[in-house]
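A.B. asks: Return atomic coordinates for the entry below.
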Amino acid sequence: IAVCLCRGLHVARLPWRRPVSAVIPHFRRSQHNSANEDATFTDWRTIYSLPGIRLVAALSKLKVYQAAITAAGMPIAFALGHAGQVTTDALGVYAAVGVSGLATLTIASYAATNLVGFIYVNEQQDLLKLAYVDFWGRRKETLVEPQDIIPNWEQRSPSRLKFVSPICLRSDPSRRYKLLSRIGHVTDPQLFAGLFGD
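C.D. replies: Here you go, the predicted model:
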């Protein structure tokens, strides 16, 4: 009977015969999910806030409506011009205003990309949450460890704009965030200076 049972078993189907490469990603996913769950249930304290961040986000979103109005109005303006209802000068003015307005808002959105609006710290002060605005004016959040932040006195290429302080990470130098420390409201100056510098 034992021989028959052994013949019916496939070694590859045994749970302890799973390859190590299949177990490690599952373990890493479990660690990552648990870290996100801990961050979700953590009490966060605001140490920095930018009062005009909502206005910046609204301006970044405005370019989408500007592009839609310009694109929708151009065929109508051309049709009215072809019918003789609108002069050629008026058509040119409409096109110039629409394109220049869209270009201005796009440049402003590029300047406001990754602008930090809020910085939170957890109770243990070993994890930060940066809330920033992306190119489309949407709020994004990222978790950063305090030791991963490069203070301004350690940065090789400081910002040429004195009112803008870049936030650089040791783990990923390509990720850069913008901080308006002189305009923003700092609730914990000692902790803020220890993280980002004066």
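A.B. asks: can you tell me which helix in the chain is longest?
C.D. replies: helix 53-83 (DSSP state H).
A.B. asks: Of all the residues in it, which ones are buried?
C.D. replies: Using 16 or more other CB atoms under 10 Å as the test for burial, helix 53-83 gives 53, 56-57, 59-63, 66-67, 70, 77, 80-81. C-beta: built from backbone N, CA, C; applies to glycine.
A.B. asks: Quick check: mean pLDDT of that helix?
C.D. replies: Confidence for helix 53-83, expressed as mean pLDDT, is 90.
A.B. asks: Which residue ranges of this structure form helices?
C.D. replies: Using DSSP H, the helices of the chain run over 2-8, 20-40, 53-83, 88-112, 189-196.
A.B. asks: quick check: angle from the third one to helix 88-112?
C.D. replies: This points to helix 53-83. Our comparison of helix 53-83 with helix 88-112, counting by axes from the mean of the first three to the mean of the last three CA atoms, to 10 degrees, yields an angle of 160 degrees.
A.B. asks: Pull out the buried positions in stretch 93-100.
C.D. replies: Under the neighbour-count criterion of 16+ other CB under 10 Å, stretch 93-100 has 94, 98 buried.
A.B. asks: Can you name the residues bridging to the spatially most central residue of the chain?
C.D. replies: In the chain, the centroid-proximal residue (CA atoms, centre = their mean) is Lys140; its distance is 4.2 Å. Applying DSSP bridges to Lys140 gives these bridge partners: Tyr132.
A.B. asks: Show me the shaky parts of the chain.
C.D. replies: The model of the chain has pLDDT under 70 over residues 1-41, 156-162, 198.
A.B. asks: mind redoing it with 50?
C.D. replies: The chain contains residues with pLDDT under 50 at 1-35.
A.B. asks: Enumerate every residue touching Tyr94.
C.D. replies: Neighbour list for Tyr94: 73-74, 77 [criterion: CB atoms under 8 Å, 6 or more residues apart in numbering].
A.B. asks: and what of Ser49?
C.D. replies: Contacts of Ser49 by CB under 8 Å, 6+ apart are 117-119, 184-185, 187.
A.B. asks: can you pull the contacts of Gly176?
C.D. replies: Not Gly; residue 176 is Arg. Residues near Arg176 by CB under 8 Å, 6+ apart: 114, 166-168.
A.B. asks: Out of the residues you listed, flag the one nearest to Val86.
C.D. replies: Distance to Val86 across these (CB to CB) is lowest for Asn114, with 41.7 Å.
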